[in-house]
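S.K.: sequence and predicted structure, then a few things I'm wondering about:
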Amino acid sequence: MANAEVVPIVRCRLDGPEGRPLTLRYVPLVEFELWRHLMRTRHHRQVTIEEVSVWVPEEAGLRERGYSAEDLEPVLRLHLEFSGPHGVPLPVERFLPAETYPEARTALLAHFAGRALRCPPTTTAGYVIPASVRAPEKTVA
């Protein structure tokens, strides 16, 4: 699975406001510490790390490689691009659980209301493969 589209990702829970349950988040590892710092200092919310894994785009061969449906967590990648200062493109990429995607997408887009999109948002289906799931062994014929 040496693919340029494989994204190391942190599966974590973000505490909610008073009385609200923890929410599941998938944050790219490269930006996780900055995101966690922002959640703690600006929003006064706590983050609990569950696992560092990888996200892979959906491809027909995953199940043929020996991964079972229970091994794969459906997570969609949403890519947006806005015009920033002086017309500089500002890309935004978020990973959202498939089961809450419609609500999460609506909430995310609300954060950017009034900003000019450079292109329509794109969604890529994919899966998080937990680190606890080992890659299936290749059989030699």
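M.R.: Okay, I see it.

S.K.: any idea how far the residue nearest the centre of the chain is from Gly114?
M.R.: Among the residues of the chain, Phe95 comes closest to the average C-alpha position under C-alpha atoms, centre = their mean, at 2.1 Å. Separation of Phe95 from Gly114 (C-beta to C-beta, to the nearest Å) stands at 24 Å. In this view, the C-beta of every residue, glycine as well, is placed from N, C-alpha and C.

S.K.: swap in Val88?
M.R.: For Val88 relative to Gly114 (C-beta to C-beta), the value is 18 Å.

S.K.: now do Thr124
M.R.: 26 Å.

S.K.: quick one, which of these two is more surrounded?
M.R.: Higher neighbour count among Thr124 and Gly114: Thr124, with 15 against 4, using other C-beta atoms under 10 Å.

S.K.: state the pLDDT value of the more buried one.
M.R.: With respect to pLDDT, Thr124 has a value of 94.

S.K.: ok, Val56 next?
M.R.: pLDDT, read off for Val56, is 92.

S.K.: that one against Gly126, yeah?
M.R.: Yes: assessed by C-beta atoms under 8 Å, Val56 is found in contact with Gly126 at 5.7 Å.

S.K.: who does Gly126 bridge with?
M.R.: Beta-bridge partners of Gly126, counted by DSSP bridges, are Pro57, Val75.

S.K.: for it, what are its contacts?
M.R.: Gly126 makes contact with 55-58, 74-77 under the criterion C-beta atoms under 8 Å, 6 or more residues apart in numbering.

S.K.: ditto for Leu14
M.R.: 22-23, 25, 39, 45-47.
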